[in-house]
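Visitor: A predicted structure for the sequence below; I have some questions about it.
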Amino acid sequence: MRDLRDLWYAVGTAVQDHADRRLSGVWAALERFPRLHRAVSRMLVGQGARQLPARPNPLSTMAPYTSWASLTDRTYDDRHLPPAASRPLPPVAEVTTLFARRGPMVPCPKSTVLFPCFAAWFVDGFLRSERVRREPGRNESNHDIDLMQIYGLTQHVTAQLRAGHDGLLRSQILNGEEYPPYLYSGTNKVFDAVTVVRDETITPEQRRGLFAVGSDTGNLQVGFVMMSVLFLREHNRIARQLKREYDWDDERLFQTARNILIVVLIKIVVEEYINHISDSRFRFLADPRLLRNARWYRPNWMAIEFNLLYRWHSLVPSTFPIGGRDVPIAETLFNPGLVVERGLAGCFEDVSGRPAGRIGLFNSDPAVLDAEWASIEQARAVKLRSYNAYRRLLRFPRATRFAHVSGDPQIRAALKRVYRTVDDIEFYAGIFAEDTKPNGVLPPLLGRMVAADAFSQAFTNPLLARRVFNPRTFSPLGWELVQARQTLAALVERNAGDSRRRPVVTMTRPDWART
């Protein structure tokens, strides 16, 4: 039966790929008929989500067997496959060399630097390994897209970040623009519930410029700052709109604005971010109304494999373009002042005008190799199964030769040097060793796993549930907002745009051409 399902899936995928290549005009025509577009989107989203078995998974990182605690305690990561038996593995240092950039960055032909800026900030909201790690596989996640990046993980943090009137988040005006308040006043911490990752490494000078935001990584890097500032402004813009329209108290204004903004984010994720990643000509829609009876429609629980496969460090350039100068990565850390100095719209334009790196081996900057090392160690600590085991799970044929992994002779030679056989290749190395698909951004196994987890965890958000996704939840005004097409460019234009011209904000390189 499993073989028949795999065959049926392979046939469906082949038909879809053929349609993409030969019938691009059909997809364009289909989008002119909204009902048909939604129906096909539902079919393809469902197909993507079904590539992994539906939750609940029988195991988590709590233990190698099923218990009531392991099925309910979400402070542990879910897992798609049981832990591997102990086996000899090459030293972590040797595997890390597979990721090290050799010479200049190899650019991605499709993505701008805005893509990794958004990706890192977005997944920080739910893929959150335990900061002070007591044991492998623990997390600090709410497991939902809930915009904790600006609201915080707990109600206590949220309460401190709220203005206390008109449904607004606290903010300040700097250089004529709206930003979060400062976390410190001199040496005194103003918001005691707000934390900062790697706080022990931050200098007193850096500390004075930190913003008070929901996530502990909100000040870590310039891309995180840009995204959090943009969504804070959009929250306050929506709250002010609701205030003008309805005679509500602060609590209802805040909660309704938050509901609206979370769905705005989900729409951007599916209709801009996922469509950018995809190699397909078909444009996916974030319309949940046709998906609610799917067998994969289950409460969210982030998997350890999903956590690890999202370590896209090779996307990160060695320098960030800010205001006409190239700023080294190290200087963008814990430096929100860069965004204030340049202005939000200018920063978005800067990162939209520079290519990101190509996702894959031999393309991670030296500044992020420690993160690659840590990822390899974490995968081993939770005993992830081999690369080939996950190929089988995702209905790819087992790789029996190194040439089945990559067509690049340098990558094949490096894999042979580090691993004795193809079956010895680890999950974390294998998913990045594959060749990227034409017109896409991700290698095949990585792309299929991203689609399966992303679709099955975005569309199951509580705000998209049948009895919740309606004007009563969002208000008539909010319902119009969540029905409208949403893009990062539109958010920047609404919250940082210049009336004289539209800022250029795009994840896709202007010189990219589909092949």
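Guide: Yep, that arrived. Numbering: from 1, shown residues only.
Visitor: what about stretch 276-289, how long is it end to end?
Guide: 23 Å (CA to CA, to the nearest Å).
Visitor: just checking, Thr158 touches Gly214?
Guide: Yes. When contacts are counted by CB atoms under 8 Å, Thr158 is listed as touching Gly214 (7.4 Å). C-beta coordinates here come from the backbone N, C-alpha and C atoms, glycine included.
Visitor: which residues do those two both contact?
Guide: Residues touching both Thr158 and Gly214 by CB atoms under 8 Å, 6 or more residues apart in numbering: 151-152.
Visitor: between these two, which one's more packed in?
Guide: When Thr158 and Gly214 are compared for neighbours, Gly214 comes out ahead with 26 against 18, by other CB atoms under 10 Å.
Visitor: Once you drop chain neighbours, what's closest to the more buried one?
Guide: Gly152 (3.8 Å; CB to CB, 6 or more residues apart in numbering).
Visitor: Over to the one you found: give its phi and psi.
Guide: Main-chain dihedrals, Gly152, degrees, to the nearest 10: phi 90, psi 160.
Visitor: Report how many residues lie close to it.
Guide: Gly152: 26 neighbours (other CB under 10 Å).
Visitor: Start the count at 853 instead of 1 going forward.
Guide: Okay, residue one is now 853; in that scheme the one you just asked about reads as Gly1004.
Visitor: tell me the contacts of it?
Guide: Contacts of Gly1004 (CB under 8 Å, 6+ apart): 1010, 1012-1013, 1045-1046, 1066-1067.
Visitor: pLDDT wise, what is it at?
Guide: Gly1004 carries a pLDDT score of 97 in this model.
Visitor: And for Ala1365?
Guide: pLDDT, Ala1365: 88.
Visitor: and what of Thr1360?
Guide: pLDDT, Thr1360: 97.
Visitor: now it, which residues is it bridged with?
Guide: Note on Thr1360: beta-bridge partners Ser963, judged by DSSP bridges.
Visitor: I'd guessed it sits against Ser963; true?
Guide: Yes. Thr1360 is in contact with Ser963 according to CB under 8 Å; the separation is 7.0 Å.
Visitor: Counting neighbours, go ahead and name the busier of these two.
Guide: More crowded of Thr1360 and Ser963, by other CB under 10 Å: Ser963, with 24 against 16.
Visitor: now the more buried one: how far from Gln1230?
Guide: Ser963 sits 25 Å away from Gln1230 when distances are taken as CB to CB, to the nearest Å.
Visitor: Check which helices and strands the longest helix along the chain sits against.
Guide: In the chain, taking DSSP state H as the definition, the longest helix is helix 1074-1097. On a contact count with 3 or more CB pairs under 8 Å, 6 or more residues apart in numbering; DSSP states H and E, helix 1074-1097 meets helix 966-975, helix 1000-1003, strand 1029-1031, helix 1102-1120, helix 1189-1194, helix 1196-1204, helix 1323-1335, helix 1340-1348.
Visitor: how does it look with 6 Å?
Guide: If you count contacts as 3 or more CB pairs under 6 Å, 6 or more residues apart in numbering; DSSP states H and E, helix 1074-1097 packs onto helix 966-975, helix 1000-1003, helix 1102-1120, helix 1189-1194, helix 1340-1348.
Visitor: and the fourth one, which residues are buried?
Guide: Translated: helix 1189-1194. 1189-1192, 1194 (16 or more other CB atoms under 10 Å).
Visitor: Can you get me a residue count around the residue nearest to Tyr1125 when sequence neighbours are not counted?
Guide: Distances taken as CB to CB, 6+ apart put Phe970 closest to Tyr1125, at 6.4 Å, once the chain neighbours are dropped. Look at Phe970: counted by other CB under 10 Å, it has 22 neighbours.
Visitor: pLDDT weak spots in the protein?
Guide: By pLDDT under 70, the low-scoring segments of the chain are 853-879, 1142-1144, 1351.
Visitor: let's go with 80 and repeat that
Guide: Applying pLDDT under 80 to the chain picks out residues 853-887, 891, 984-986, 1141-1147, 1349-1353, 1367.
Visitor: show me where it has strands.
Guide: Secondary structure of the chain (DSSP state E): strands at 959-964, 1024-1026, 1029-1031, 1036-1037, 1040-1041, 1171-1174, 1177-1180, 1207-1209.
Visitor: Can you lay out these as TSV showing distance to Asn1159?
Guide: Output for these, formatted as TSV (distance: least, CB to CB, whole Å):
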stretch	distance to Asn1159
strand 959-964	22
strand 1024-1026	34
strand 1029-1031	30
strand 1036-1037	31
strand 1040-1041	30
strand 1171-1174	25
strand 1177-1180	28
strand 1207-1209	21
